[in-house]
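K.L.:
3D model of this:
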Amino acid sequence: MILRPLLALLLIAFGSAGILPLGAKPAAAQTQAADVPLADAALEMRARKLMKDVRCVVCQAQSIDESDAGIASDMRRLIRQEIAAGKSDEDIRQYLVARYGDFVLFKPPFKAATALLWAGPFLLLGFGAIVIVLFFRRRSAVPDRGLSAEEMRRVNAALDAAPPLPGTAQTATRPDHGSGA
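P.N.:
Below you'll find the model as predicted:
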């Protein structure tokens with residue numbers, strides 16, 4: 001019974017030290033085949049252009065041309081195989097959209113399901129412009145009426161009651177707004 005935990009501990013220790021898997025490759029290296037470009041340069045250029053338009057479903061911010069993910073490598077290989085088989089770019093795009101959805105394209109088509117995606121920025125911009133116009137209209141609608149005669153009398157009374165600042169005359173600090181006081 002005591003040998004089992006000891007054996008497990010030895011396996012973990014040797015495995016983490018790299019002693020046990022001497023000839024083993026990492027899992028990613030075992031599953032990914034190397035990208036082999038097409039022999040025809042024109043076809044390879046067409047494949048690379050198409051790869052730049054297709055989003056990596058793992059990375060999401062990179063095209064499959066830039067991504068190192070395993071699925072991106074598989075998608076690159078698929079595109080090259082389809083081009084070599086004589087399929088058009090549109091046929092390949094349709095296949096990828098059928099398999100992964102419109103999200104796989106950096107420029108999704110305009111249709112009912114993607115209408116908000118295309119119109120969203122313009123709708124937000126229009127909504128922001130309306131809010132700004134309404135905000136400034138309301139600000140300009142408030143009249144600037146100034147102080148009433150009673151308010152001006154109270155301000156002058158408060159200023160007369162306040163002690164003068166050192167080095168200044170009291171009459172110099174009192175505003176005169178033509179109230180006659």
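K.L.:
For the residue nearest in space to the middle of the chain, report the pLDDT, please.
P.N.:
Most central residue of the chain, judged by C-alpha distance to the mean C-alpha position with Cα atoms, centre = their mean, is residue 61 at 9.1 Å. Taken from the predicted model, the pLDDT recorded for residue 61 is 86.
K.L.:
tell me which element it is part of?
P.N.:
Under DSSP states H and E, no helix or strand contains residue 61.
K.L.:
quick one: it and residue 130, what's the gap?
P.N.:
Relative to residue 130, residue 61 is positioned 32 Å away (Cβ to Cβ, to the nearest Å). Just so you know, the C-beta spots here come from the backbone N, C-alpha and C atoms, and that holds for glycine as well.
K.L.:
wouldn't residue 147 be in contact with residue 155 here?
P.N.:
Yes - taking Cβ atoms under 8 Å as the definition, residue 147 is a contact partner of residue 155 at 7.0 Å.
K.L.:
More neighbours: those two, which one.
P.N.:
When residue 147 is set against residue 155 and neighbours are counted by other Cβ atoms under 10 Å, the residue ahead is residue 155, at 16 against 12.
K.L.:
In three-state terms, label the more buried one for me.
P.N.:
Secondary structure of residue 155, reduced to three states by DSSP: H, G, I helix; E, B strand; the rest coil: helix.
K.L.:
correct me, but it touches residue 148?
P.N.:
No - between residue 155 and residue 148 there is no contact under Cβ under 8 Å: 10.6 Å.
K.L.:
shared neighbours of those two, anything?
P.N.:
Common contact partners of residue 155 and residue 148 (Cβ atoms under 8 Å, 6 or more residues apart in numbering): none.
K.L.:
Give me the below-cutoff pLDDT ranges for this protein.
P.N.:
Along the chain, the parts satisfying pLDDT under 70 run over 1-33, 140-144, 168-181.
K.L.:
max-length helix in it?
P.N.:
In the chain, taking DSSP state H as the definition, the longest helix is helix 115-141.
K.L.:
any idea how far residue 65 is from residue 90?
P.N.:
According to Cβ to Cβ, residue 65 stands 18 Å off from residue 90.
K.L.:
If you count surrounding residues, which of these two has more?
P.N.:
In this view residue 65 and residue 90 are compared by other Cβ under 10 Å, and residue 65 has more residues nearby, 19 against 8.
K.L.:
Angles on the backbone of the more buried one, please.
P.N.:
Main-chain dihedrals, residue 65, degrees, to the nearest 10: phi -70, psi -30.
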